[in-house]
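> what shape does this take:
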Amino acid sequence: MFGVAAVAGAAALSGCSFNGVSSLPLPGGPDLGPNPKTVKIEFSNVLDLVPQSAVKVNDVSVGQVEEIDL
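Next up is the predicted model:
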């Protein structure tokens, strides 16, 4: 019985900060260096854009999407 309670407790605690698949880190990604910059951009359509998507300039990864607000 203790094992079931421990698993349920661990699942409850770990689920508090889980925001779905978009909260999982993606492998690889760009090296942002010691002083990364934050840029806020407004798009008219972000249908396929998700958090942690790569940001590319001339097909070179230069960052990642941190957050999407409506």
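
> would you mark the buried spots in stretch 46-66?
53, 63-64 (16 or more other CB atoms under 10 Å). In short, each C-beta sits where N, CA and C put it, glycine included.

> between these, which is nearest I41?
Proximity of the buried residues of stretch 46-66 to I41 (CB to CB) peaks at G63, which lies at 11.2 Å.

> looking at this, that closest one is in a strand?
Yes. Counting by DSSP: H, G, I helix; E, B strand; the rest coil, G63 is part of a strand.

> who is it paired with across the strands?
V55 (DSSP bridges).

> with distance to T38 and pLDDT added, can I get the buried residues of stretch 46-66 in JSON lines?
JSON lines is the format used below for these (distance: CB to CB, whole Å; pLDDT from 0 to 100):
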{"residue": "S53", "distance to T38": "15", "pLDDT": "88"}
{"residue": "G63", "distance to T38": "9", "pLDDT": "86"}
{"residue": "Q64", "distance to T38": "11", "pLDDT": "87"}
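
> and which of those residues is nearest L47?
Nearest to L47 among the buried residues of stretch 46-66, counting by CB to CB, is S53 at 12.2 Å.

> V46: what's it in contact with?
V46 makes contacts with I68, as judged by CB atoms under 8 Å, 6 or more residues apart in numbering.

> surely it forms part of a helix?
No. Counting by three-state DSSP, V46 falls outside a helix, being coil.

> tell me the confidence at it?
What the model reports for V46 is a pLDDT of 86.

> check the gap between it and G33 for me.
Distance of V46 to G33, given as CB to CB, to the nearest Å: 26 Å.

> what residue ranges in this protein score low on pLDDT?
Residues of the chain that meet the criterion pLDDT under 70 lie in 1-19, 22-31.
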